[in-house]
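Chemist: make a model of this:
(one chain, ligands or ions: 2)
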Amino acid sequence: MITMKDFVPEKEPILREQARPVEFPINEELKETAVAMRQFLINSQDPKMAEKYNLRPGVGVAAPQIGIDQQIFAVYLMDYDEEGNETEPLIDEIFVNPKIISHAVQKVALKEGEGCLSVPREVPGIVPRPKRVTVKYNDLEGNEKKIRLRDYQAVVVQHEIDHLKGILFYDHIDEKTPWEPDEDTTLI
Ligand SMILES: O=CN(O)C[C@@H](CC1CCCC1)C(=O)N1NCCC[C@H]1C(=O)Nc1ccccn1
Ligand code: NI
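Modeler: Ligands and ions are numbered 1, 2, ... in the order given. Here you go, the predicted structure:
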């Protein structure tokens, strides 16, 4: 099972490299790793499992974060009802060779900024990202998929796609005005 020790240190070169395209048919080992990445997210969002295995809760994980230079990431994002109970997954997907094929000019940014399981510290500032994206990718079986996302879901997937391009969230923070949104950015 994947735990925090499997995450490479922030300064590890792989986190700053372009990940390699996944070849199909995917080899069994990489497929198993992808499934384990999704399971890590599920475990990390389960208070008992997170406590037991000292997991930082995460909604996404990209292969380079665990030292694998392949274009693959998992997102597991649940929806919750007013009592805070999980209802259904908003995104429960393993993205292979993802590509943003179109995006809005308008931007959004999480008003509290972003974090990263590969960055064991707070980095203050907002991370402006296109408000809507259309992403083309393959699923683990090799099927071509296309998904349109907006707002928080778009932020999560863009954060993960950045990892495949060696980009970390704080690369997007304007250190002179870290909390100042531009006129085309809405805080969410
Ligand atoms: O590349 C992937 N990562 O680095 C894991 C990141 C991905 C998100 C950061 C901003 C957009 C995507 C992650 O999930 N986090 N960042 C660090 C600590 C918090 C945690 C988080 O936001 N957790 C969460 C949120 C809602 C519900 C449950 N858990
Ligand atoms: Ni991250």
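Chemist: do the helix or strand hosting residue 89 and ligand 1 come into contact?
Modeler: In this structure, residue 89 is located in strand 86-103 according to DSSP states H and E. No - taking CB under 6 Å from any ligand atom as the criterion, strand 86-103 and ligand 1 are apart, separated by no less than 10.4 Å. All C-beta atoms are positioned from the backbone trio N, CA, C, and that covers glycine.
Chemist: contacts for that strand?
Modeler: Here strand 86-103 makes contact (CB atoms under 8 Å, 6 or more residues apart in numbering) with 21-22, 26, 34-35, 37-38, 71-81, 130, 132-140, 142, 146-147, 149, 153, 156-158, 160-161, 164.
Chemist: list buried residues within the residues you listed.
Modeler: Neighbour-count burial (16 or more other CB atoms under 10 Å) applied to the contacts of strand 86-103 gives 22, 26, 34, 37-38, 71-78, 130, 132-133, 135, 137-138, 140, 149, 153, 156-158, 160-161, 164.
Chemist: which ones, among those, also lie beside ligand 1?
Modeler: Within the buried ones among the contacts of strand 86-103, those near ligand 1 by CB under 6 Å from any ligand atom are 156, 160.
Chemist: what about the buried ones among the contacts of strand 86-103, which are in strands?
Modeler: In strands, defined here by DSSP state E, the members of the buried ones among the contacts of strand 86-103 are 72-78, 130, 132-133, 135, 137-138, 149.
Chemist: which residue ranges of this structure form helices?
Modeler: With DSSP state H as the criterion, the chain has helices at 28-44, 47-53, 151-164.
Chemist: could you say which of those helices is packed most deeply?
Modeler: For the helices of the chain, the largest average neighbour count (mean count of other CB atoms under 10 Å) is found in helix 151-164, namely a mean of 21.
Chemist: now that helix and strand 86-103, what's the angle there?
Modeler: For helix 151-164 against strand 86-103, the angle by axes from the mean of the first three to the mean of the last three CA atoms, to 10 degrees is 60 degrees.
Chemist: tilt between helix 151-164 and strand 132-138?
Modeler: Here helix 151-164 runs at 50 degrees with respect to strand 132-138, directions being taken by the same axes, to 10 degrees.
Chemist: and helix 151-164, what other elements does it pack with?
Modeler: Contact here means 3 or more CB pairs under 8 Å, 6 or more residues apart in numbering; DSSP states H and E; on that basis helix 151-164 packs against strand 60-62, strand 72-80, strand 86-103, strand 107-109, strand 129-130, strand 132-138.
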